[in-house]
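Novice: Need a 3D model of the sequence below.
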Amino acid sequence: MRDIDVRRAVKSALIAQHEGDLDTRIVEEMGIWNGSVRIDLAVVNGELAGYELKSARDTLERLPNQCALYSQVFDRVVLVAADRHLGSAPEKIPEWWGIIRAHGLDDCVELETLREPAINPSVDPVQLARLLWREEVIAFLERENRGRGFRNATREKLAVHIAETTDIARLTAYVRRCLKDRPARSGEAVDY
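Specialist: Reported below is the predicted structural model:
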């Protein structure tokens, strides 16, 4: 079972789950940490959910690092893993992460939920703010009459400022709205 087969199955399931929901966007290879790290699939709606895929051909070598980074940004995370990873993967991820078993043949991957994801207890506001483009932060600050002195600030300074001066609920809602409103990249699943 290859990564593309697992990706196709998960993406199809997510599209079916959110069909007709105009407030949901499915993003492939969503970058975090200024694009230096990418999660395989993300669902943006009333929450920011990430799906990390580990096919039978993958290893779990990068999982601890991915886990630490994804856990700073996403409201929920689901590990979708082939059978060969299910023995060791649960001990490498937080208890609030969900687990989906991917099994079957290359052209017919079946998905089985083993553990539902819970809400992330510790989203990092600065890491969340780093998902915003510079223009998005400036627009927010200007609407709040807090843009003075920040129009020429670096993206990092803007992320720290908005994270430190904005209630987490308002920040998460704004980040989600910006992620949903961005133009789709080539090959990306768009609003369903």
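
Novice: Pop the domain breakdown of the protein in here.
Specialist: Under the assignment automatic domain parsing, the domains of the chain span 3-115, 125-181.

Novice: ok, the closest residue to N34 other than its chain neighbours - contacts?
Specialist: Closest residue to N34 apart from its sequence neighbours, by Cβ to Cβ, 6 or more residues apart in numbering: R130 at 6.3 Å. C-beta: built from backbone N, CA, C; applies to glycine. Neighbour list for R130: 32-34, 155-156, 159 [criterion: Cβ atoms under 8 Å, 6 or more residues apart in numbering].

Novice: got it, and W96?
Specialist: Counting by Cβ under 8 Å, 6+ apart, the residues that W96 touches are 76-77, 117-121.

Novice: if we can go back for a sec, can you add pLDDT, distance to L53 and neighbour count and give the contacts of R130 back as TSV?
Specialist: Converted to TSV, the contacts of R130 look like this (pLDDT from 0 to 100; distance: Cβ to Cβ, whole Å; neighbours: other Cβ atoms under 10 Å):
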residue	pLDDT	distance to L53	neighbour count
I32	86	16	21
W33	74	19	14
N34	72	22	11
R155	89	29	16
E156	90	30	13
A159	93	28	22
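
Novice: Nearest to G104 among these?
Specialist: I32 (29.9 Å; Cβ to Cβ).

Novice: these two touch, right, that closest one and Q66?
Specialist: No. Using Cβ atoms under 8 Å, I32 makes no contact with Q66, being 9.9 Å away.

Novice: Keeping just the C-alphas, turn the helix or strand hosting R170 into CSV.
Specialist: For R170, the host element (DSSP states H and E) is helix 168-181. Provided in CSV are the C-alpha atoms of helix 168-181 (Å, rounded to 0.1, in the frame of the first residue of the first chain):
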residue,chain,number,x,y,z
ILE,A,168,-7.0,32.9,21.6
ALA,A,169,-10.6,32.3,20.5
ARG,A,170,-10.5,35.4,18.2
LEU,A,171,-7.1,34.5,16.9
THR,A,172,-8.1,30.9,16.0
ALA,A,173,-11.3,32.1,14.3
TYR,A,174,-9.3,34.7,12.3
VAL,A,175,-6.6,32.2,11.3
ARG,A,176,-9.3,29.7,10.1
ARG,A,177,-11.1,32.4,8.1
CYS,A,178,-7.9,33.4,6.4
LEU,A,179,-6.9,29.8,5.6
LYS,A,180,-10.4,29.2,4.1
ASP,A,181,-10.4,32.5,2.1
